[in-house]
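Student: predicted model and sequence follow; I will ask about them next.
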Amino acid sequence: MRPLAVELAAAVHTALLRFGDADVACGAEPVALLGGHHTARRAVVSAWHPLPNVAVAASAPHSFVVDPLAFARAEAELRSRGTDWLGFVHGHPGGVASLSQRDRQQAWRDCVQLVVGRRDIAAFWLHGERCEPLPLVVRQEAGVADA
């Protein structure tokens, strides 16, 4: 079910911005699973689980490949915490928060795709050949001031 928007808690947003630049030194894009739940209108991200990027940076720079076994284990971990798998987040270290041509061709369809750029995060939904940007809402938790 395509959400109308993606909602992140402020703490998750901050953590994902840091995560997005995690592998700048080795040239690999960081990647993680997103967990949370769906409301009638939003995909609410409340958890994420980092995954190893098994792409060889020298032969596939600016890309990521997820090992199926690592995916299955991470998805099971999200379920054990009471969250549903919502999609993926990956980083474009030092780059922009948009889907590359490779992302548009190879990313999983019909799930949330977050891309972390140098200073921001963008959300997308891929369906068939269509790529639809989704509004990203950052929810401030009680007692957390705006940065």
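Tutor: Ah, there it is.
Student: so after the helix or strand hosting E7, what's the next helix or strand?
Tutor: Taking DSSP states H and E as the criterion, E7 maps to strand 5-9. Using DSSP H and E, the helix or strand that directly follows strand 5-9 along the chain is helix 10-20.
Student: now the helices: where do they sit in this protein?
Tutor: Secondary structure of the chain by DSSP state H: the helices cover 10-20, 68-80, 101-106.
Student: hmm, who's touching the longest one?
Tutor: Think helix 68-80. A32, L33, G35, A47, H49, L51, P52, V54, D84, W85 (CB atoms under 8 Å, 6 or more residues apart in numbering). Yep, even glycine has a C-beta here, placed from its N, CA and C like the rest.
Student: how near is P3 to P68?
Tutor: Noted for P3: a distance of 25 Å to P68, by CB to CB, to the nearest Å.
Student: between the two, which one's more packed in?
Tutor: Using other CB atoms under 10 Å as the criterion, P3 and P68 rank with P3 on top: 20 against 7.
Student: so the more buried one sits against A43, correct?
Tutor: Yes: in terms of CB atoms under 8 Å, P3 counts as a neighbour of A43; the distance is 4.1 Å.
Student: give me the common contacts of these two.
Tutor: V112.
Student: which stretch among the helices of the chain comes nearest L114?
Tutor: Closest approach to L114 among the helices of the chain is made by helix 10-20 (7.0 Å; CB to CB).
Student: could you list the buried residues of that closest one?
Tutor: V12, H13, L16, L17, F19, G20 (16 or more other CB atoms under 10 Å).
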